[in-house]
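Participant: Using only what follows, build the 3D model:
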Amino acid sequence: MTKKTPPGFKNFWDSVDEDLAHIPIAAETEHIPMRSTEKYDLYGVRITSVGPYRLFGYLSIPKTDEIHPAIYYVPKNASVHEIIPQGTAIAVREHYVTFSLACRGMRNSDKPYAAMYPGQLTDGLESAESYVYRGIVADTIRGLEYIITRPEIDNDRITAWGNDNALLVAARRKQITHVVTQPAYLFDTIKNSATTTSYPLAEFSDYLRLHPERTSQVAEILEMYNLRWHAPYIKAKTLVRASEREGIYSPSKLAEMNEKIVGEVTIHESERSSFKDGLFAEKWLTREMLGPKATPIVPEHWQDFV
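Facilitator: All right, here's what the predicted structure looks like:
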């Protein structure tokens, strides 16, 4: 890990933007009646990212004439592609426009490239140009570029929700106004991967055990994605969902990143409870997106605790 922004950082990311600028979004939408109700419609959306590569996403729109805040569920490091994340209250689709994007390699976006899990995070690490994550970040940005074209959304209330990719898209595009993120593998990757046998970070240490001669090259490539260098470009209000105090991405481990984020930052240390952590996030999001008097949108079995 370097002590300052790595050489070529700006040119690297400018080149991603340039590649996207030359590829039309070319959106196609198809109504999905089976996943629509009297309160919201669901659409399958196909858009084009760099490559060119065709991607698939789920777009859910409330059935009202009003504009709505948007939640962009960024691509994740997993094969499963959901309309909304597992455990999220379905009622969220009544109040938000939601867009869930499958990046290249994920199911629904796996032609011609089907990623392995684990395996996606180190695919193509032989060079900066071949590393698959350059395309995945471009896919994440392209998803945001699509959703802001929708007339149903309030452009002053757009949340990126997810893992490291939520921070990357907020750094690259100012249209993101809010972020809910749980960093998992792109902050000081090499350093932190050496301290754990848990995935997804262990995927990097496994790779370097197999290819020790590539250590310095891999470290150089991954520095382009290191969240500490992207943090100064993030102006969105941000909720960082840190791990517990002893965890890999605890508040203290993430402090150097959090301090660099320009926008207002709220840090929530995990309480080792998906219920408690999830409730905190939903309350934060509701307050920011729907107002201080709105009731958090949570699963039925959580409602007695709101």
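
Participant: Mind jotting down where the strands sit in the stretch 1-150 of the chain?
Facilitator: With strands called from DSSP state E, counting those that start in this stretch, the stretch 1-150 of the chain shows them at 28-31, 40-49, 53-62, 68-73, 97-102.

Participant: Can you add mean neighbour count and mean pLDDT and give those strands back as TSV?
Facilitator: (Each C-beta comes from the backbone N, C-alpha and C, glycine too.) What follows is the strands of the stretch 1-150 of the chain, written out as TSV (neighbours: other C-beta atoms under 10 Å; pLDDT from 0 to 100):
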stretch	mean neighbour count	mean pLDDT
strand 28-31	11	98
strand 40-49	20	98
strand 53-62	21	98
strand 68-73	25	98
strand 97-102	26	98
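
Participant: Quick one: closest of the ones you listed to residue 137.
Facilitator: strand 40-49 (9.9 Å; C-beta to C-beta).

Participant: Tell me which strands the closest one pairs with, and in which orientation.
Facilitator: strand 28-31 (antiparallel), strand 53-62 (antiparallel) (DSSP bridges).

Participant: For the helix or strand where residue 285 lies, name the packing helices and strands.
Facilitator: Using DSSP states H and E, residue 285 maps to helix 274-289. When contacts are defined as 3 or more C-beta pairs under 8 Å, 6 or more residues apart in numbering; DSSP states H and E, helix 274-289 sits against strand 68-73, strand 153-162, strand 178-181, strand 237-242, strand 265-269.

Participant: mind putting the ones you listed in a markdown table, distance to residue 107 included?
Facilitator: As requested, the helices and strands packed on helix 274-289 are exported to a markdown table (distance: least, C-beta to C-beta, whole Å):
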| stretch | distance to residue 107 |
| --- | --- |
| strand 68-73 | 15 |
| strand 153-162 | 17 |
| strand 178-181 | 23 |
| strand 237-242 | 25 |
| strand 265-269 | 30 |
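
Participant: Now for residue 295: which residues touch it?
Facilitator: By C-beta atoms under 8 Å, 6 or more residues apart in numbering, residue 295 lies in contact with 286, 306.

Participant: so where is the chain shaky, pLDDT-wise?
Facilitator: 1-2, 304-305 (pLDDT under 70).

Participant: now do 80
Facilitator: Residues of the chain meeting the criterion pLDDT under 80: 1-3, 300-306.

Participant: Who does residue 178 form a beta bridge with?
Facilitator: Residue 178 forms beta bridges with residue 159, residue 237, as assigned by DSSP bridges.

Participant: Can you tell me how far it is from residue 187?
Facilitator: Distance, residue 178 to residue 187, by C-beta to C-beta, to the nearest Å: 20 Å.

Participant: about what we covered before: what about the strands of the stretch 1-150 of the chain, which gets the closest to residue 291?
Facilitator: Nearest of the strands of the stretch 1-150 of the chain to residue 291, taken as C-beta to C-beta: strand 68-73 at 10.3 Å.

Participant: Neighbouring strands - and their directions - for the closest one?
Facilitator: For strand 68-73, the paired strands and their directions (DSSP bridges) are strand 97-102 (parallel), strand 153-162 (parallel).

Participant: so which of those strands comes closest to residue 200?
Facilitator: Smallest distance to residue 200 across the strands paired with strand 68-73 (C-beta to C-beta): 13.3 Å, for strand 153-162.
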